[in-house]
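Student: Okay, predicted coordinates and the sequence, questions at the end:
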Amino acid sequence: MNARFFPRRLPFHLTIPETSLWYNLEISATRFPNRPALTFGVAAINYREFQVQCEALAGYLQKECGVRRGDRVALFMHNSPQFVIAYYGILRADAVVVPINCMNTTGELEQLLRDAGATTIITAQELQPRVEPLLGTKSQGKTLQRSIVACYADYFGNSGGDQVATVLPEALAAPRKQFPQPQVAHWHEVLARAISPAPHTAGPDDLASICYTSGTTGKPKGCMHRHRGIMHSAVSIAYWHDVRQNSCTLAVLPLFHVTGMQNSMNAHVYGGSSLVLLPRWNRDAAFAAIARHKVTNLTTVPAMIVDLITNYDPARHDLSSLRVIGGGGAAMPEAVAARLRQVAGLTYIEGYGMTETMAPTHINPGDRPKAQCLGIPIFDTDARIIDPQTLADLSQGEVGEIIVSGPQVLEEYWNRPEENATCFLVRDGRKYLRTGDLARVDEDGYYHFVERLKRMINAAGFKVWPAEVEALLYGHPGVQEACVIGKHDPRSGEVVKALVVPREAARATLAAEEIIAWSLQRMAAYKVPREVEFVASLPKSATGKIDWRLLQEQEAARS
């Protein structure tokens, strides 16, 4: 623990509620029944309505779908009131939430459902066609027996031409559809039945969620998280970012991913604050929602911040309500953070976590943040830097692999004994997770991300960390976005290649030679991009991060 720079207003240790996550909603609904809980477009439901709808869904899951304590229920939809209600409704039924990335195809979906053993899914009508081939009976060899299908527009309200209506893309704005399969139930009919659930019996040590990794280094792995661990993470975020009943968050990161799930949903339900939901990133909708609903908290990834501040106009956009803005998933380049401070007077609070850690293990202190830095370990969490080959502890300033131990770290991977045997270490009687991320610790105990262990570029024997080069490229006045990858070279093995999205004002004049010459003045020669390719945009993952893996794969295919 870094006592010297730990936020002075916070305790070093947190006493966590000895309950399931469901009680967070029940308590907030009891305390603040009329407080807006879930806002979507121009409509909102309060905490009392939120609780009632969760209980109706839980009753249906138990009595019509046969869901029992510990059963896994898949949740496959975009950010919406129905996602949040489904999440807490599954927990109210004493079941386990299995959130699934909305970009998954039918084949990928089937793989996850079979692995989790889920026979019931809650989805939305634009995704139901991917679910439909999996529906049937056990005798037919089908994965799913039941699907509950929601329509986002049911909760959107009558926009009347309001600018906030841009929150709902056309593909998601369709009116309610009917699906005739006998295994399908429609959301509005499920809630209308208002079936009372059995008493809630799940406790802090029950399994609450199985969250799957992205599968970029192999098949997706299910991370087992109990109520106790998810509670620790949610309460930690609420304390660290001062989430209270009068807070309001813009939930734009996907809630099926742990960063959005914890920072934008579970921490705020714990605090009794309001969630304004965006199903996908849309800067105009974000600007409008922040101003309309007086949003105080915003968790994003750097690519979203780049989009926001590049298009910020003080004459048209009001960001004055924002009090906390931060995130993780990728390092925030110092140049971008400086622009955010300049145009909006906001300091980006960076954190670090993984699917395996149910969001943060590290966050920057709000009163002493450092730019382009992961921060310090949070409550009751220990981290170390080790040599990834010898597993020996490394000294301050040395680059090595982060290992972490804390209440929020997964217990183990679901059905993966071989992974469990290799991904954990024991140090001084504590169990640590190997993260696969490289970092160094500075003299103040702050952790600085260097690179993914698998992403390093080997340029004629020199180690090049793409994140470092990208951070420097963002300092060029003509660069809006950048992604660095390795390019095969017959002499050096690999050389550095940069894909650059120019700022609008520089698109007609910016040249690759200028970027290379500028880089030579600011970084060692072996780090300088040998090739610069200008592109109109960079591919993004479902969580809004630049998809460097896809670009690297495309480059490898051309070699």
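Tutor: Looks like it arrived, so ask away.

Student: Could I get the full set of helices for the stretch 1-150 of the chain?
Tutor: 22-31, 47-63, 81-92, 106-116, 128-131 (DSSP state H, counting those that start in this stretch).

Student: hmm, who's touching the third one?
Tutor: Counting by Cβ atoms under 8 Å, 6 or more residues apart in numbering, the neighbours of helix 81-92 from elsewhere in the structure are 20-22, 25, 38, 40, 45, 50, 53-58, 61, 67, 73, 75, 77, 96-97, 99, 122, 124, 148, 150, 152, 155, 187, 197, 200, 202, 208, 255-256, 261, 265, 269, 275, 277. In this view, the C-beta of every residue, glycine as well, is placed from N, C-alpha and C.

Student: got the helices of the stretch 1-150 of the chain as a markdown table, with mean neighbour count, mean pLDDT and distance to residue 351 columns?
Tutor: Putting these into a markdown table (neighbours: other Cβ atoms under 10 Å; pLDDT from 0 to 100; distance: least, Cβ to Cβ, whole Å) gives the following:
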| stretch | mean neighbour count | mean pLDDT | distance to residue 351 |
| --- | --- | --- | --- |
| helix 22-31 | 20 | 98 | 21 |
| helix 47-63 | 22 | 98 | 27 |
| helix 81-92 | 28 | 98 | 22 |
| helix 106-116 | 18 | 93 | 27 |
| helix 128-131 | 19 | 96 | 32 |
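
Student: Could you export these as JSON lines, including distance to residue 383?
Tutor: Shown next, in JSON lines, are the helices of the stretch 1-150 of the chain (distance: least, Cβ to Cβ, whole Å):
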{"stretch": "helix 22-31", "distance to residue 383": "27"}
{"stretch": "helix 47-63", "distance to residue 383": "35"}
{"stretch": "helix 81-92", "distance to residue 383": "29"}
{"stretch": "helix 106-116", "distance to residue 383": "29"}
{"stretch": "helix 128-131", "distance to residue 383": "39"}
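
Student: so which of those gets nearest residue 237?
Tutor: Across the helices of the stretch 1-150 of the chain, residue 237 has its closest neighbour in helix 22-31 (12.4 Å, Cβ to Cβ).

Student: Nearest to residue 535, out of the helices of the stretch 1-150 of the chain?
Tutor: helix 106-116 (26.8 Å).

Student: Check which helices and strands the closest one sits against.
Tutor: strand 72-76, strand 96-99, helix 128-131, strand 222-226 (3 or more Cβ pairs under 8 Å, 6 or more residues apart in numbering; DSSP states H and E).

Student: what is the rounded mean pLDDT of the second one?
Tutor: When you say that, I think you mean strand 96-99. Averaging pLDDT along strand 96-99 yields 98.

Student: Could you list the residues in contact with that strand?
Tutor: So strand 96-99 is contacted by 70-76, 87, 90-91, 112-113, 116, 118, 207-212, 222, 255-257, 261 (Cβ under 8 Å, 6+ apart).

Student: so how far is that strand off the chain centroid?
Tutor: Distance of strand 96-99 from its chain centroid, counting by Cα atoms, centre = their mean, to the nearest Å, is 15 Å.

Student: do the third one as well
Tutor: Counting by Cα atoms, centre = their mean, helix 128-131 is centred 24 Å from the centre of its parent chain.

Student: Need the contact partners of that helix.
Tutor: Residues contacting helix 128-131 (Cβ under 8 Å, 6+ apart): 76, 104, 105, 106, 109, 121, 123, 144, 147, 149, 179, 184.

Student: CA atoms only for that helix - export them in CSV, please.
Tutor: Provided in CSV are the C-alpha atoms of helix 128-131 (Å, rounded to 0.1, in the frame of the first residue of the first chain):
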residue,chain,number,x,y,z
GLN,A,128,-32.3,-12.3,-31.5
PRO,A,129,-31.5,-13.5,-35.1
ARG,A,130,-28.1,-14.6,-33.9
VAL,A,131,-29.7,-16.4,-30.9
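
Student: The chain should start at 502 in everything you say after this.
Tutor: Sure thing, new numbering starts at 502, so read that last one as helix 629-632.

Student: what's the closest non-adjacent residue to residue 932?
Tutor: residue 925 (5.6 Å; Cβ to Cβ, 6 or more residues apart in numbering).

Student: On the pLDDT front, check residue 1054 for me.
Tutor: On the pLDDT scale, residue 1054 gets 86.

Student: now it: how far from residue 987?
Tutor: The gap separating residue 1054 from residue 987 is 11 Å, by Cβ to Cβ, to the nearest Å.

Student: Tell me the spacing between the nearest residue to residue 507 once chain neighbours are set aside and residue 729.
Tutor: Spatial nearest neighbour of residue 507, excluding adjacent residues (Cβ to Cβ, 6+ apart): residue 513 at 6.4 Å. The gap separating residue 513 from residue 729 is 19 Å, by Cβ to Cβ.

Student: quick one: which of these two has more around it?
Tutor: Set residue 513 next to residue 729 and count neighbours by other Cβ atoms under 10 Å: residue 729 wins out with 21 against 10.

Student: Moving C-terminal from the helix or strand harbouring that one, which element do we reach first?
Tutor: Assigning secondary structure by DSSP states H and E places residue 729 in helix 728-741. As assigned by DSSP H and E, the chain's next helix or strand after helix 728-741 is strand 749-752.

Student: What helices and strands are in contact with that following strand?
Tutor: Using 3+ Cβ pairs under 8 Å, 6+ apart: strand 749-752 touches strand 775-778, helix 784-794, strand 798-801.

Student: And that strand, what's buried?
Tutor: Across strand 749-752, burial judged by 16 or more other Cβ atoms under 10 Å covers 749, 750, 751, 752.

Student: now it: mean pLDDT?
Tutor: 98.

Student: before we move on, what about stretch 619-626?
Tutor: For stretch 619-626, mean pLDDT rounds to 97.
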